[in-house]
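Engineer: coordinates only, sequence not included:
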């Protein structure tokens with residue numbers, strides 16, 4: 001009994017130490033949340049198993065604790081998670097995949113085409129970008145405002161969620177006003193090339209929902225590449241991959257807002273290599289690709305803390321890996337600037353080939369197209385299917401768009417405290433181009449010059 005008591009004391013002391021570290025900012029909220037949950041369960045188990053032992057009095061689970069001081073009360077305790085998703089309260093945040101999530105079947109077909117894919121869900125306002133798109137430029141920025149997402153998100157098998165939602169939505173009596181929006185447009189880009197301006201301006205229309213750089217979309221699109229790079233496996237069914245992409249975007253296209261009629265997706269830059277895949281799933285959706293001068297986009301993409309493109313050295317898409325073979329180079333031997341140059345060149349090549357081979361899409365030059373006066377209202381928005389909305393009240397549309405365009409696209413970025421919030425075309429003209437940038441650009445980005 002003494003030994004058991006000692007283990008309990010040591011366990012509680014260890015947990016206490018971890019929570020003190022969390023309070024000091026040494027642990028993330030997500031880790032502290034899991035520790036808190038495990039700690040509560042252990043306390044409950046101790047109170048139950050030792051209730052009849054005279055040497056180990058029951059612990060009052062309701063007593064004040066470090067946990068209760070650190071985390072807010074979950075207002076959704078006891079609620080059915082599937083019902084919260086069906087009603088539109090809880091929304092998809094991210095995906096989790098295993099090595100065989102999209103593996104080819106060797107026996108009977110699997111339910112929904114795939115298994116082992118899990119979705120993370122929580123409650124957050126996905127229309128905060130309509131209130132202030134510069135402060136909430138991506139879905140992640142909106143998720144960060146939700147205590148439920150920070151402390152109480154939950155994970156469920158995605159195929160079961162899709163099945164439950166499909167069953168719910170097929171019964172018009174029980175949908176509670178939920179409707180599925182058509183995918184009106186997809187915004188692809190190199191990064192730092194103006195897609196954020198277009199996405200933020202799109203939020204000013206009353207009937208649009210703009211989903212910007214959603215982690216779950218990225219996770220679905222690069223699923224096969226992730227499985228290959230992370231688990232060294234090529235067992236990834238194209239049909240299951242396509243079904244996963246379709247299911248994820250279908251979940252994100254649900255809305256209970258009667259005013260919303262159009263869904264627009266702004267993808268992260270790296271997702272541009274998957275333009276052909278998305279067009280296969282959504283052939284009727286319009287799409288754009290934003291690019292800019294080779295040296296300028298490379299210079300911006302390799303700035304400190306902005307150079308996420310360097311990750312493609314160890315985690316290349318299959319398309320970029322093919323490009324490396326075509327250039328007869330080893331990614332591991334390339335410098336940061338060279339890797340990023342090859343990555344950016346790959347994005348342009350994919351978009352250009354899709355545009356030329358299918359006659360679809362709009363390629364938008366940052367300098368020659370986007371910065372021209374009225375380019376959005378007179379050219380880009382009509383192409384994306386919003387001419388009727390513009391004609392209904394052109395002056396109001398113009399005023400709202402100009403207000404958005406006068407503000408930098410991301411006031412939550414790493415340089416937010418260093419720059420003025422106001423933006424103008426002229427403020428972007430001076431881009432420092434180093435010798436490393438110039439050399440890498442000449443090596444891999446000649447087609448963009």
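Structural biologist: Sure thing, it's come through. Everything numeric in this text was worked out from a predicted model, so none of it was measured.
Engineer: Show me where the stretch 301-449 of the chain has its helices.
Structural biologist: Along the stretch 301-449 of the chain, counting by DSSP state H, counting those that start in this stretch, helices occupy 318-326, 336-358, 375, 381-383, 387-392, 394-405, 435-444.
Engineer: looking at these, which is buried most?
Structural biologist: helix 336-358 (a mean of 21; mean count of other Cβ atoms under 10 Å). Heads up, the C-betas are built off the backbone N, CA and C, glycines and all.
Engineer: Other residues contacting stretch 82-90?
Structural biologist: Around stretch 82-90, the neighbours that count as contacts under Cβ atoms under 8 Å, 6 or more residues apart in numbering are 76, 81, 91, 121-123, 156, 160-161, 164-165, 168-169, 176, 178, 254-256.
Engineer: In helices only, show me these.
Structural biologist: Members of the contacts of stretch 82-90 lying in helices (criterion: DSSP state H): 81, 160, 161, 164, 165, 168, 169.
Engineer: I'd assumed residue 254 was in contact with the last one.
Structural biologist: Yes - here residue 169 lies in contact with residue 254, judged by Cβ atoms under 8 Å, at a distance of 7.4 Å.
Engineer: Which residue of those two possesses the greater neighbour count?
Structural biologist: residue 254 (22 against 17; other Cβ atoms under 10 Å).
Engineer: isn't the more buried one right up against residue 177?
Structural biologist: No - counting by Cβ under 8 Å, residue 254 does not reach residue 177; the two are 10.5 Å apart.
Engineer: Need the buried ones from the contacts of stretch 82-90 selected in PyMOL.
Structural biologist: Restricted to buried positions by 16 or more other Cβ atoms under 10 Å, the PyMOL selection for the contacts of stretch 82-90 reads:
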select buried, resi 76+81+91+121+122+123+156+161+164+165+168+169+178+254+255
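Engineer: Could you give the number of residues near the residue lying closest to residue 183 once chain neighbours are set aside?
Structural biologist: Excluding the flanking residues, the one nearest residue 183 by Cβ to Cβ, 6 or more residues apart in numbering is residue 285, at 4.4 Å. By other Cβ under 10 Å, 20 other residues sit near residue 285.
Engineer: ok, residue 285 - contacts?
Structural biologist: Contact partners of residue 285, counting by Cβ under 8 Å, 6+ apart, are 183, 184, 185, 186, 278, 279.
Engineer: Sort out which of these are in helices and list them.
Structural biologist: In helices, defined here by DSSP H, the members of the contacts of residue 285 are 278, 279.
Engineer: would CSV of the contacts of residue 285 with pLDDT and distance to residue 290 be doable?
Structural biologist: Shown next, in CSV, are those (pLDDT from 0 to 100; distance: Cβ to Cβ, whole Å):
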residue, pLDDT, distance to residue 290
183, 98, 18
184, 98, 17
185, 98, 13
186, 98, 12
278, 98, 16
279, 98, 17
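Engineer: closest to residue 265 among the contacts of residue 285?
Structural biologist: Using Cβ to Cβ, residue 186 is the member of the contacts of residue 285 that lies nearest residue 265, at 4.9 Å.
Engineer: Make sure the closest one is actually in contact with residue 284.
Structural biologist: No - judged on Cβ under 8 Å, residue 186 makes no contact with residue 284 at a distance of 11.2 Å.
Engineer: Could you dump the contacts of residue 285 into CSV with distance to residue 243 added?
Structural biologist: CSV is the format used below for those (distance: Cβ to Cβ, whole Å):
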residue, distance to residue 243
183, 16
184, 22
185, 22
186, 18
278, 13
279, 16
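Engineer: Where does the prediction get shaky in the stretch 51-200 of the chain?
Structural biologist: 51-71, 107-112, 172-176 (pLDDT under 70).
Engineer: any chance you could map the strands in it?
Structural biologist: Secondary structure of the stretch 51-200 of the chain by DSSP state E, counting those that start in this stretch: the strands cover 90-96, 118-123, 154-157, 179-180, 183-189.
Engineer: partners of the fourth one, with directions?
Structural biologist: The one in question is strand 179-180. strand 254-255 (antiparallel) (DSSP bridges).
Engineer: which is the next helix or strand following the partner strand?
Structural biologist: Downstream of strand 254-255, the first helix or strand assigned by DSSP states H and E is strand 262-266.
Engineer: Any buried residues in that following strand, and which?
Structural biologist: So, applying 16+ other Cβ under 10 Å, buried residues of strand 262-266: 262, 263, 264, 265, 266.
Engineer: Stretch 136-150 too?
Structural biologist: Residues of stretch 136-150 classed as buried by neighbour count (16+ other Cβ under 10 Å): 136-143, 146-150.
Engineer: how far is it from where the chain is centred?
Structural biologist: Centroid separation for stretch 136-150 versus its chain: 11 Å, with Cα atoms, centre = their mean, to the nearest Å.
Engineer: first to last residue in that stretch, what's the distance?
Structural biologist: End-to-end distance for stretch 136-150, by Cα to Cα, to the nearest Å: 16 Å.
Engineer: ok, back up a step: save the ones in helices among the contacts of stretch 82-90 as a markdown table, and put in distance to residue 131 too.
Structural biologist: Converted to a markdown table, the ones in helices among the contacts of stretch 82-90 look like this (distance: Cβ to Cβ, whole Å):
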| residue | distance to residue 131 |
| --- | --- |
| 81 | 28 |
| 160 | 33 |
| 161 | 28 |
| 164 | 31 |
| 165 | 27 |
| 168 | 29 |
| 169 | 27 |
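Engineer: Right, I'll call it a day here.
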